[in-house]
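Student: Turn this into a model:
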Amino acid sequence: MTQLNQRRKEIVARTVTVAEALSAIPAGSTVFVGTGAGEPQGLVDSLADLAVKKSLRLLFGFSLRRPPNLSSPVPMCSYLHVGYRQSRAMEEGSIDWLPVEFSSVPALFARRRIPIDVALVSVSPGDVHGQFSLGTSVDITRAAVEAASMVIAQINPFVPRTHGQSFLDYRKIRFFTQQEEPLLEVFEKKADTEVEEQIARNVIRVIPDGATLQLGFPHVPRHLLSRMSERHDLGVHSLLISDWVMELVENGTVTNARKSFSPGKVVAACALGSRRFYEYLNDSPLFDFQTADVVADPQVIGKNPGFVSVLDAESMDLHGRACFSNSPYSRRLSAFLGAGGSHRADGQTVLVLSSRSASGAPAIRLQLESGEIAVHGSVAADTVVTEHGVAFLRGRTMQQRAQQLIPLMHPDDRSGLWSVAVARSWFCPSLARRMPDPVWTVPGPEVPLDSFSVRTAHIQDFEAARRFHYSLPQTDLNLRFFDHEIDLDKYLLDTLSHTGAQIFFAHRFVADEETILGVAECHVDPATGEGEIALIAHPLYRREGVGRGLVSAMTAWAAAHGLKRLAAEVLVSNVPMLQLMRRCGWTRTPRDGSELFELVLPLAK
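Tutor: Below is the predicted model of the structure:
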């Protein structure tokens, strides 16, 4: 008898009815159920009565279905992730929760810290070599299969044959059952809300070309997908993937060309999406499914350039700590599938949230409740995005974090939280003089947006302004401040705190790293409607149009704010500045008995 015929004979011998397979489960066993779309629904539905009789314990990773209705004095079902479909049962005490990070589960299974006796899994039809694929759910399911003494596999032709660590040899499986059932689907929303569209515009700002993405939620806003097409050679290394990957691969945005781990391939642990997406995964060499501990391994992640992990949160406090649920027990799937990973210095974890919750409450609060942090853990956010802007938190102190986050709140909520924070001495007196304002990119006809942009700077930018000025040569500072000795810290704090002054940054962003190329300021006299300006470009970035871009942006800003006239005073010895102002169309008027010149630009009403 050939090996092929022998394999077929053994598989046929192990193929039994559902009742026969489940009856072989020893009493008192802990039974693991395959995760997400890989849940063998037919097996689970048939197990309910038997589970009570045999006093079984069912362990679900994450499930898209409601818990089985089991009559028992103690919970018989435990979940590693409690979603909204299980939250009511959790509140009623009929199920239990095992709080653990997704990526640590394979090791806990292997060491039997979480003992698994039986694994119920869905697999694709076998190939000629007797190999069956776990399809959409390799994640922790592979580890459960390795740890279990009995594996019962439901052969389902709807399960895609995925590549990677997904294959199981037929000898590992005690019993096979046959069941044709469509996989559970997660459908995309038909349209984004206006808030989601604005969030998408802000998120794309922190994703550079060549970045490796982890998006921890299946519903990716359509606007973000369309914006991603502006990027080139993106890679994907994500615990969870969905239809968004299919779209970005098909339009050429995702090539995985710059990845070092599994180059040219999308790396994932599990998949949730539409039937079309599951069919797209079938036998595709573009996808490499690995276990959760491999996908979330910091050393593995660190091999990929510019790793950006995007998670959606429910709320956040001014320390930058996030809450991932509005329920005492459940939390968003993105936190469960995205927490625990690390990345290189050029990577970042981005948390996105709406400025207000569905009930209209502020999403950014002074402090989270202790229970929210203790139960749900805290993801270290490098970057936070709402519809009102982007805050970069990495490397910032507690006061600086609070300053960055307040402008991301809904405009009607900012002053209230600011007043409470100041009353509780969250800020030193110098920083408490003015509430942080939102940052605006200032357009101008001479601003070359492909190389840099100009934005407003506010009190939260004091440290950035300070570092810029102290990096300048003393000769440049002398020209800027007319050889006067000046306390730079005091001057910058006073300017940033003054309601009649506005500072501008010419800056360049790569991911979450901002480089200041030049700084300008405009001091407004409200009585006359006139503004006095000054600017300086860093020596490293001169002859790149920085000065011209700053003048152009300030002129546009002044006109938008109704100013009638701008003026600047320049030392005669500051030849580059004089030449710049002439090129910008300003007039030159000598001042009697002085080395100063006045450059005036009348503004149209």
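Student: use CA for all of it now, contacts and neighbours both
Tutor: Will do.
Student: Quick check, Arg227 in contact with Ile204.
Tutor: Yes. With contacts counted by Cα atoms under 8 Å, Arg227 reaches Ile204, the gap being 6.6 Å.
Student: Next up, the contacts around Asn304.
Tutor: Asn304 makes contact with 212, 258-261, according to Cα atoms under 8 Å, 6 or more residues apart in numbering.
Student: Any chance of these in JSON lines with distance to Ala51 as columns?
Tutor: Output for the contacts of Asn304, formatted as JSON lines (distance: Cα to Cα, whole Å):
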{"residue": "Thr212", "distance to Ala51": "43"}
{"residue": "Arg258", "distance to Ala51": "49"}
{"residue": "Lys259", "distance to Ala51": "46"}
{"residue": "Ser260", "distance to Ala51": "46"}
{"residue": "Phe261", "distance to Ala51": "42"}
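Student: can I get the residues you listed in JSON lines with neighbour count, distance to Lys53 and pLDDT?
Tutor: Converted to JSON lines, these look like this (neighbours: other Cα atoms under 10 Å; distance: Cα to Cα, whole Å; pLDDT from 0 to 100):
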{"residue": "Thr212", "neighbour count": "27", "distance to Lys53": "49", "pLDDT": "93"}
{"residue": "Arg258", "neighbour count": "18", "distance to Lys53": "54", "pLDDT": "94"}
{"residue": "Lys259", "neighbour count": "25", "distance to Lys53": "51", "pLDDT": "93"}
{"residue": "Ser260", "neighbour count": "14", "distance to Lys53": "51", "pLDDT": "91"}
{"residue": "Phe261", "neighbour count": "17", "distance to Lys53": "47", "pLDDT": "94"}
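Student: Considering the residues you listed, which is situated nearest to Phe427?
Tutor: Thr212 (36.7 Å; Cα to Cα).
Student: so how far is Ser309 from the closest one?
Tutor: 8 Å (Cα to Cα, to the nearest Å).
Student: cool, Gln404 as well?
Tutor: Per Cα to Cα, Gln404 is found 20 Å from Ser309.
Student: quick one on the thing from earlier: which one's more surrounded, Arg227 and Ile204?
Tutor: Legend: neighbour count by other Cα atoms under 10 Å for Arg227 and Ile204, higher for Ile204 (18 against 14).
Student: Is it correct that that one falls within a helix?
Tutor: Yes. Counting by DSSP: H, G, I helix; E, B strand; the rest coil, Ile204 is found in a helix.
Student: surely it meets Ser229?
Tutor: No. Taking contacts as Cα under 8 Å, Ile204 lies outside contact range of Ser229: 10.0 Å.
Student: just checking, what packs against the helix or strand encompassing Val245?
Tutor: Using DSSP states H and E, Val245 maps to helix 243-250. Applying 3 or more Cα pairs under 8 Å, 6 or more residues apart in numbering; DSSP states H and E, one finds that helix 243-250 makes contact with helix 222-228, helix 275-281.
Student: show me the contacts for the closest residue to Ala511 other than its chain neighbours.
Tutor: Closest residue in space to Ala511, ignoring its immediate chain neighbours: Val206 at 4.4 Å, by Cα to Cα, 6 or more residues apart in numbering. Residues in contact with Val206, defined by Cα under 8 Å, 6+ apart, are 510-512.
Student: still on that earlier bit, which of the helices and strands packed on helix 243-250 sits closest to Val384?
Tutor: Each of the helices and strands packed on helix 243-250 was scored for nearness to Val384 using Cα to Cα, and the closest is helix 222-228 (15.8 Å).
Student: Can you list the helices and strands that that closest one packs against?
Tutor: Using 3+ Cα pairs under 8 Å, 6+ apart, helix 222-228 sits against helix 194-203, helix 243-250.
Student: Give me the buried positions along the longest one.
Tutor: The reference is to helix 194-203. Under the neighbour-count criterion of 16 or more other Cα atoms under 10 Å, helix 194-203 has 196-203 buried.
Student: Stretch 580-587 too?
Tutor: Residues 581, 584, 586 are the ones in stretch 580-587 that count as buried (16+ other Cα under 10 Å).
Student: Among these, which lie within strands?
Tutor: Judged by DSSP state E, the subset of the buried residues of stretch 580-587 located in strands is empty.
Student: got these as a markdown table, with distance to Pro106 columns?
Tutor: A markdown table is the format used below for these (distance: Cα to Cα, whole Å):
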| residue | distance to Pro106 |
| --- | --- |
| Met581 | 65 |
| Cys584 | 64 |
| Trp586 | 68 |
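Student: Which parts of the stretch 51-200 of the chain are helices?
Tutor: Per DSSP state H, counting those that start in this stretch, the stretch 51-200 of the chain carries helices over the ranges 84-92, 105-110, 141-147, 194-203.
Student: Tell me which of these sits nearest to Ala558.
Tutor: Proximity to Ala558 (Cα to Cα) singles out helix 194-203 among these, at 25.4 Å.
Student: Just the mean pLDDT for the closest one, thanks.
Tutor: The average pLDDT for helix 194-203 rounds to 88.
Student: what does whatever helix or strand comes next after that helix contact?
Tutor: Using DSSP H and E, the helix or strand that follows helix 194-203 in sequence is strand 212-215. For strand 212-215, the external contacting residues (Cα under 8 Å, 6+ apart) are 234-241, 256, 259, 304-311, 334, 338.
Student: Kindly recompute the last result at 6 Å.
Tutor: For strand 212-215, contacts defined as Cα atoms under 6 Å, 6 or more residues apart in numbering pick out 234-238, 306-310.
Student: quick one: which of these sit in strands?
Tutor: Using DSSP E, these in strands are 235-238, 307-310.
Student: what's the domain layout of the protein?
Tutor: 3-178, 194-433, 453-602 (automatic domain parsing).
Student: now for those, which one comes closest to Glu185?
Tutor: It's domain 194-433; of those, that one is closest to Glu185 (Cα to Cα) at 5.1 Å.
Student: centre of the chain versus that closest one, how much separation?
Tutor: Offset of domain 194-433 from its chain centre (Cα atoms, centre = their mean, to the nearest Å): 1 Å.
Student: try stretch 112-130
Tutor: Counting by Cα atoms, centre = their mean, stretch 112-130 comes out at 32 Å from the chain centroid.
Student: quick revisit: just put the ones in strands among the contacts of strand 212-215 in TSV and tack on distance to Val524, neighbour count and pLDDT.
Tutor: As requested, these are exported to TSV (distance: Cα to Cα, whole Å; neighbours: other Cα atoms under 10 Å; pLDDT from 0 to 100):
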residue	distance to Val524	neighbour count	pLDDT
Gly235	48	32	95
Val236	49	28	95
His237	50	29	95
Ser238	50	27	92
Phe307	43	29	91
Val308	41	27	90
Ser309	42	25	88
Val310	41	26	88
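Student: ok, so of these, who is nearest Gln41?
Tutor: Using Cα to Cα, the ones in strands among the contacts of strand 212-215 come closest to Gln41 at Ser238, 25.4 Å.
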